[in-house]
Structure formats: structure tokens, C-alpha cells
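Visitor: next input, structure requested:
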Amino acid sequence: EEPRRNPNEKGDLIHSISMVTVRDNHRSIAVYQSGEILVRSGRQSKWDPLVPLPQSLKGTDLVKYRSNGDLWVGTSHGLYLHRASLQPWVFLKCPPPDKNRVHEIIRARDGSIWLGTADGVEIVHSDHSVSVVSRIGTQGLFDVTGVAQDANGVIWISSGASFGGTYAWDGHAWKHYRISDTAEVRIHKIRRDHHGRLWFLGVGRQYDVGAQPGAYLLEEDRNGLPRFIHVGRREGLIADRVYDLTEDRRNRLWFATLDGLSRWTYVDSAGVPIIGRGTWTHWRSHGKDILPPSVFSIAADSAGNLW
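Guide: Have a look, this model is predicted:
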């Protein structure tokens, strides 16, 4: 094949050019005297400008691919290495009949990843080995929707669909807590606030029929045993079916519920919220405040925005 000029050329001089093939994927990069960088990938013959140009590539004089696809970049302000060979994502999938539906993901303090799935709890350890908990005693674990770790390192799991109460793993054994002495409470999510406290967010069996449980704050009694403090309509919530919770940088708690948003600017004693104290503000769905349907997920970022 006869050499031919790249139609994207602008008559500029090339400082450096490098090419590599990794697993049948062809990559090329060319650096021009003007500072413009063109790249080509796959089997395409077209060169495209690298836009926007990363800050680390400005002032580039030399480029050189490693055989594994990593790229060395020599600039007027230092040497950079782009680790293209790294795989930041690993795809995990269980063979049938597992449903492969993930409801919750947390990273425990020991580095393990805990997944709440439709088939139970899956634990991906730091050595990449996997443990599965599909049953605790006689209770089958289906649709585990809540997973959280408390300040003491205990892992708590819950379900808004298959079992009531919550199970706690202390590193040696599982223990079940009913949460409420008067009725079975199903917990959709477990959230941790800025003080390390866990909130258990309850839902009824159906969203439009029967009583809804509200939310529960986990505290320790004088004997160091778990105690669940109820927060519902009577305490100020806009609704007793609670889907999510977040705390903003001003230490205000936001509750996502069936009927909209509730924000609690609480009063605390030694860092513990005083139930029944503070100021509640509501934004209703199915009205002028928030478009329907219900608010299902909520998060606050470091800039003070609520999502």
C-alpha cells in the first residue's frame, strides 16, 4: 500500500508518535509541535484530536507506549504514566438460578465488599474470595435490601420484602432483633449518619394498604444492649413509609418518604438527637412542592446540594 497523507494534517511538525497493539486493539498517538495531540484506535484509519486535552498532557514532547498499552508521556513539567492496562472494574455474575439482582453495596472496615442481593448476602473478601449467606437458621434470605456497618464494626442486614426485623453479624454469629415489640417491622434501608448512628427505615407490606412503621434510630441502653427509638408521624415525619435518609453538611437529616421529603434540624444531647425536639420542614409530593411519585432515593454532596 502506498503511503498517503492524513487528511487531518495541518502542515504542522510532529514531535513524537507511538503505536501499540494490545489484544488486537490498535492504538496510536501523535504529538504536534503546536501542542495538538491526535489519537487513533481500533482498525479505523481516521485520526481524531484529543479533546479536551488533559492538564498532564499539555507541553508534551515525547510519547511512548508500553507493550501492555500503558503510555509514557514526557512533558516540560515532568514525566507521566497513564496506566491503561489497569482494570478498575471487575464484572461479578453468579450462574443461574441466581437472580443477580443487587439492592445494596457497602465496603466494610476490613476491606471486604458486602452485597445485599435477591439471593441473600454476598461477601467479596480482600483476597477476592467470595462467601454467600443465603440462610440464617431457618430463615431464608431473599431480597436483602439493607446492609450497613455500625461504629463497633457490627454488620446489620434487613429486607423490605422477605423478612422482618434485622440481623446483626458481630464477626462470630448472627443475631436477630425484632426492632418493635408490637408488630413485625420490615426495613427497606439502613443508613449511617455523620455521627456513626444507624437508622432503620421501615416500609409496610404494601405501600397503600395497612400501617407503615416509620424509622428507627439504633442506640445502646445502659447495659450496652441495642435499643431502637421510633421516629414517625407523631415525632414529625411527613409519612411513616420511609425509603431513604441522608445527612447534609449542616447536620440536618433528610428523609425520603412515600409522601415527599422531610428535613429534621434536630436538637441533640451529647451528640444524640432528642426525639420530639428541633424543627421539621416538609416538601410534599403529589402537590406543588415535588412532582409525583414518591421520593425513593436521596443523597447530599459535599457542596451542600441535595440530590
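
Visitor: neighbouring contacts of the helix or strand harbouring Ile157?
Guide: Element membership of Ile157, judged by DSSP states H and E, is strand 155-158. The contact list for strand 155-158 (CB atoms under 8 Å, 6 or more residues apart in numbering) reads 108, 114, 116, 121, 141, 144-150, 165-169, 186-190, 198, 200, 218. Where C-beta positions appear, they are placed from N, C-alpha and C, glycine not excepted.

Visitor: I'd say Ser56 and Thr75 touch.
Guide: Yes. With contact defined as CB atoms under 8 Å, Ser56 reaches Thr75; the gap is 7.3 Å.

Visitor: the contacts of strand 155-158 in strands, which ones?
Guide: Judged by DSSP state E, those include 114, 116, 121, 146-149, 166-169, 186-190, 198, 200, 218 as members of strands.

Visitor: from Gly116, how far out is the residue nearest the centre of the chain?
Guide: Geometric centre of the chain, nearest residue: Ile105, 6.6 Å, by CA atoms, centre = their mean. Going from Ile105 to Gly116 by CB to CB, to the nearest Å gives 8 Å.

Visitor: mutual contacts of those two, please.
Guide: Val147.

Visitor: what's the burial count for Ser16?
Guide: 16 (other CB atoms under 10 Å).

Visitor: and it, that one's in a strand?
Guide: Yes. Looking at Ser16 with DSSP: H, G, I helix; E, B strand; the rest coil, it is inside a strand.

Visitor: going forward, begin numbering at 246 instead of 1
Guide: That works, and once the first residue is 246, the last one we named lands at Ser261.

Visitor: relative to Val296, how far out is it?
Guide: 19 Å.

Visitor: likewise Gly416?
Guide: 51 Å.

Visitor: and His439, by the same measure?
Guide: For His439 relative to Val296 (CB to CB), the value is 40 Å.

Visitor: and the two? Which one has more around it.
Guide: His439 (12 against 7).

Visitor: beta partners for the closest residue to the more buried one other than its chain neighbours?
Guide: Nearest in space to His439, with sequence neighbours left out and distances taken as CB to CB, 6 or more residues apart in numbering, is Glu492 at 5.1 Å. Beta-bridge pairing for Glu492 (DSSP bridges): Leu498.

Visitor: for Ile274, same thing?
Guide: Applying DSSP bridges, one finds that Ile274 bridges with Ser263, Val284.
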